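# need coordinates for the below:
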Amino acid sequence: MTLAIISAMPPELAALLAVLPTDQVQIVAGRKFHRGRLAGHDVVLGLSGIGKVAAAATAAILCERFAVRALMFTGVAGGLAEGVKVGDVVVGCECLQHDMDASPLFPRWEVPGTGRARFAADARWAGLLAQAAGQVLSQPHAALASFGIQAPQCHQGLVISGDRFVSSGAESLALRQALPDALAVEMEGAALAQVCADYGRPFAVLRTISDRADDQAHVDFPRFLADVAAEYSRDIVMAALALATA
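Below you'll find the model as predicted:
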């Protein structure tokens, strides 16, 4: 089974590419895809770019041109739920587009033609990622102290997506009130989920919390992305792949 591992931004992908022993590159629709093996699995690594359209196009290419059997999205997100802190990891068990609103023709958030707003992640891959995250987060990480992060946790639940970078307290509060079970907000996961539903492919979403999606002080994002989030993505994915073959 070939597994696709997708990232939105280059540093997230770079950490995984660095441990890909063989790298066969193919360019499709301006996107560079890397084929090889990780932890005994055939994989395709790709950079989607930012936003729902970019993620959906990348997922469709992977299903059509590379015939991948499962897809995994890794990256960063803003924390929404109380207790979801910077440095924590969220494994998406469900995904929803918070900016989808075709009402009054359809209920708010429902994707027209599907009869649903929430798209469930694959239980097996989500479980493997959560188990792997527990292992990785229990180990000391040299960069955490410099960001004031202590005892990072793994959370599982709803991740919401939209074509807007949520960075104000008012918008974050509105999302929490509308979707009180949402753990984190980002810009790609639910689009990937919709495409995977169309193709009948299992998917999983792994996110490291880089901010609280509000107007409070933020960490040094580029450094956090490279020194913490990208390394978490690499280590958790590699641990999950090892668990999948155990």
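
# C-terminal to the worst-scoring helix or strand of the chain on mean pLDDT, what's the next element?
Lowest mean confidence among the helices and strands of the chain (mean pLDDT, DSSP states H and E): helix 221-224, at a mean of 87. Proceeding N to C from helix 221-224, the next assigned helix or strand is helix 230-245, under DSSP states H and E.

# tell me the mean pLDDT over that next one?
Here helix 230-245 scores 94 as its mean pLDDT.

# can I get it as CSV, trimmed to CA atoms?
Output of helix 230-245 as CSV, limited to C-alpha atoms (Å, rounded to 0.1, in the frame of the first residue of the first chain):
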residue,chain,number,x,y,z
ALA,A,230,8.5,19.9,11.6
GLU,A,231,10.5,17.6,13.9
TYR,A,232,7.3,16.5,15.7
SER,A,233,5.7,15.7,12.3
ARG,A,234,8.7,13.7,11.3
ASP,A,235,9.1,11.8,14.5
ILE,A,236,5.4,11.1,15.0
VAL,A,237,4.9,9.9,11.4
MET,A,238,7.9,7.6,11.6
ALA,A,239,6.8,6.2,14.9
ALA,A,240,3.3,5.6,13.5
LEU,A,241,4.7,3.9,10.4
ALA,A,242,6.8,1.6,12.6
LEU,A,243,3.7,0.8,14.7
ALA,A,244,1.7,0.0,11.6
THR,A,245,4.2,-2.7,10.7
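
# what's across from Ala182 in the sheet?
Ala182 has these beta-bridge partners by DSSP bridges: Leu158.

# let me know how buried Gly83 is, in neighbour terms.
Number of residues near Gly83 (other CB atoms under 10 Å) recorded here: 9. Glycine gets a C-beta too; all of them are placed from N, C-alpha and C.

# actually Lys32, sorry about that
The criterion is other CB under 10 Å. On that basis, Lys32 has 12 neighbouring residues.

# which parts of the least confident helix or strand of the chain are buried?
By neighbour count with 16 or more other CB atoms under 10 Å, helix 221-224 contains the buried residues Phe224.

# ok, now stretch 103-119?
Phe106, Trp109, Glu110, Val111, Ala117, Arg118, Phe119.

# what's it in contact with?
The contact list for stretch 103-119, computed with CB atoms under 8 Å, 6 or more residues apart in numbering, reads 94-98, 100-102, 158, 190, 193-194, 196-197.

# widest-spaced pair of those?
Asp101 and Cys196 (22.0 Å; CB to CB).

# wait, doesn't Ser168 sit right on Arg212?
No: taking contacts as CB atoms under 8 Å, Ser168 lies outside contact range of Arg212: 11.1 Å.

# which one of these two has more residues nearby?
Arg212 (20 against 12).

# roughly how far apart are that one and Ala121?
Arg212 is 23 Å from Ala121, where distance means CB to CB, to the nearest Å.

# residues making contact with stretch 54-66?
By CB under 8 Å, 6+ apart, the residues outside stretch 54-66 that reach it are 2, 4, 6, 8, 28-29, 31, 33, 35, 44, 46-49, 68, 71, 73, 187-189, 191-192, 194-196, 199, 201.

# against Ala4, how distant is Ala242?
From Ala242 to Ala4 the distance is 18 Å (CB to CB).

# the two: which has the busier surroundings?
Neighbours of Ala242 and Ala4, each counted by other CB under 10 Å, are more numerous for Ala4; the result is 25 against 16.
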